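K.L.:
let me see the structure of the following:
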Amino acid sequence: MENAVTQQLGGAAHINSGIVSDSIGFLASIFGRFSEQIGRLRHGWRETPSHRNLVFTSAGDRSDFDRNWVGPGQEFDLFVVYYGDDDERFERYRRKARWIIRRKGSKYQNFRHFYHANPEIIGRYRRFFILDDDLVFNGGHAAINRMFAVARRYGLAISGPSFTPDGKVSHDINAHRPGVARAYTNFVEVNAQLFSRSALDRLMYWLTPELVGWGIDFLATWANGLERRDAYAVVHEVRCRNPHDHDRDHRRELDLIPEVDQREAIWEAYARSIGCPVEFERIEYAAVADRRVTQPVLS
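P.N.:
All right, here's what the predicted structure looks like:
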C-alpha cells in the first residue's frame, strides 16, 4: 500500500519507506489532521469527490461489481467496504473504486459506520445509491447514471431499479414492466435504494447497527413518511438482474454474518419498539409511460 500512498501524494515511489514514515510523523505533529489524511490514503481514500453522486457497496470475495458498474463517463464516485480476506481481491476492487476500506459486517452495518464516522465525506454528496454487490445492471454504469438522473429530475426521495425476470424478484412491485418509465410506490427494496441526502438522513436517524438488511426497506419509507405518494419510485427504464441463490455454487455472503438467522426477529422487535410497522402492503400509486417505446403501459 506504500506505493498507493506515494502515488497519490505525487508519485515519489523511490522515497525510502523509513523516510516517508519519519516525514509523516513530523508533519502530523505540526499540521494535526495530516496524519488522519495519510491513514485514509493508506486505506484507499481520496479527499476530493469528483461527483455529487455516491454509489456504496459492501463487497466480499465473490463479487464482479467492478466489471459491471464502472466505466468511462460514469457520473458517480464508488465507495467500497471490503469485508473479505483476499489481498489480491482487495487490490482489484481498489483499482476501480474511488474509495475503499476493509471492515467486516453487512451492507447497512458498514454504511452506518461510514456515515457516522465521516460526516465531512457524506456532506459532499447529494445522492446515495446503496447496492448489493452482486447486482448486474443492463447497460452497466450508464444505467446507474440514469438512476441518478431520474432521481434528480423528479425529486425522488427514495428510488430503485426494476428487476428482470431472469433473476430473483422478491416483490412483484419491483418486477420490470415494459412500457413504464417509473412507478410511484410506497416501497423500494433494500438491495438497491437510491436516497436523496435528506431522505438518507431521516433513515440514518432511526437505523440501528443490529439490523442486518431485513426490514430496512420498510424503515426507510416509514422514516420519510408513509403518506407520501410521489416521493418513492421504481424506475422501470432501468433494469437490473438480482442473481438467484441457486445460480451460485457457494453460500450467500450474507450467511457469513453473525446472527443472520435472527435478522427477522431482530427487525420485528426493533420496529415495535419505535412504533414502525413491521410490514405494510406494497402499493403502486401511479405509473408513468416510457415515451421512448411503443408498448402500452400495463396496469
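
K.L.:
quick one: secondary structure of the most centrally placed residue in the chain?
P.N.:
Central residue of the chain (Cα atoms, centre = their mean): Ile130, 1.9 Å from the mean position. Three-state call for Ile130 (DSSP: H, G, I helix; E, B strand; the rest coil): strand.

K.L.:
so that it lines up with my notes, have the first residue be 14 from now on.
P.N.:
Got it, first residue is 14 now, which makes that one Ile143.

K.L.:
hang on, isn't it packed against Ala212?
P.N.:
No. Taking Cβ atoms under 8 Å as the definition, Ile143 is not a contact partner of Ala212, at 11.4 Å. For every residue, glycine as well, the C-beta is placed using N, CA and C.

K.L.:
re the thing from before, which residues does the residue nearest to the centre of the chain form beta bridges with?
P.N.:
Phe69, Gln206 (DSSP bridges).

K.L.:
find me the pLDDT at His263, would you?
P.N.:
His263 carries a pLDDT value of 43.

K.L.:
sorry, wrong one. I was asking about His64.
P.N.:
Taking His64 on its own, its pLDDT is 82.

K.L.:
and what of the one 5 residues further on?
P.N.:
The predicted structure scores Phe69 at 97 on the pLDDT scale.

K.L.:
please apply the same query to Asn131.
P.N.:
For Asn131, pLDDT reads 89.

K.L.:
for it, give its distance to Glu88.
P.N.:
22 Å (Cβ to Cβ, to the nearest Å).

K.L.:
count of residues packed around Glu133?
P.N.:
7 (other Cβ atoms under 10 Å).

K.L.:
check which helix or strand it maps to.
P.N.:
According to DSSP states H and E, Glu133 maps onto helix 132-135.

K.L.:
from Asp185, how far off is Ala196?
P.N.:
11 Å.

K.L.:
the more surrounded of those two?
P.N.:
Set side by side, Ala196 and Asp185 show more neighbours around Ala196, with 20 against 8, by other Cβ under 10 Å.

K.L.:
I'd assumed Glu297 was in contact with the more buried one.
P.N.:
Yes. Ala196 lies in contact with Glu297 (Cβ under 8 Å); the separation is 5.1 Å.

K.L.:
overlap of the contact sets of these two?
P.N.:
Among the neighbours of Ala196, those also in contact with Glu297 (Cβ atoms under 8 Å, 6 or more residues apart in numbering) are 186, 247.

K.L.:
torsion angles phi and psi at Arg140?
P.N.:
The phi and psi values for Arg140, taken as degrees, to the nearest 10, are phi -140, psi 150.

K.L.:
now the helix or strand Glu281 falls within: buried residues?
P.N.:
If you go by DSSP H and E, Glu281 is part of helix 276-287. Neighbour-count burial for helix 276-287, counted by 16 or more other Cβ atoms under 10 Å, picks out 276, 279-280, 283-284.

K.L.:
sounds good, over and out.
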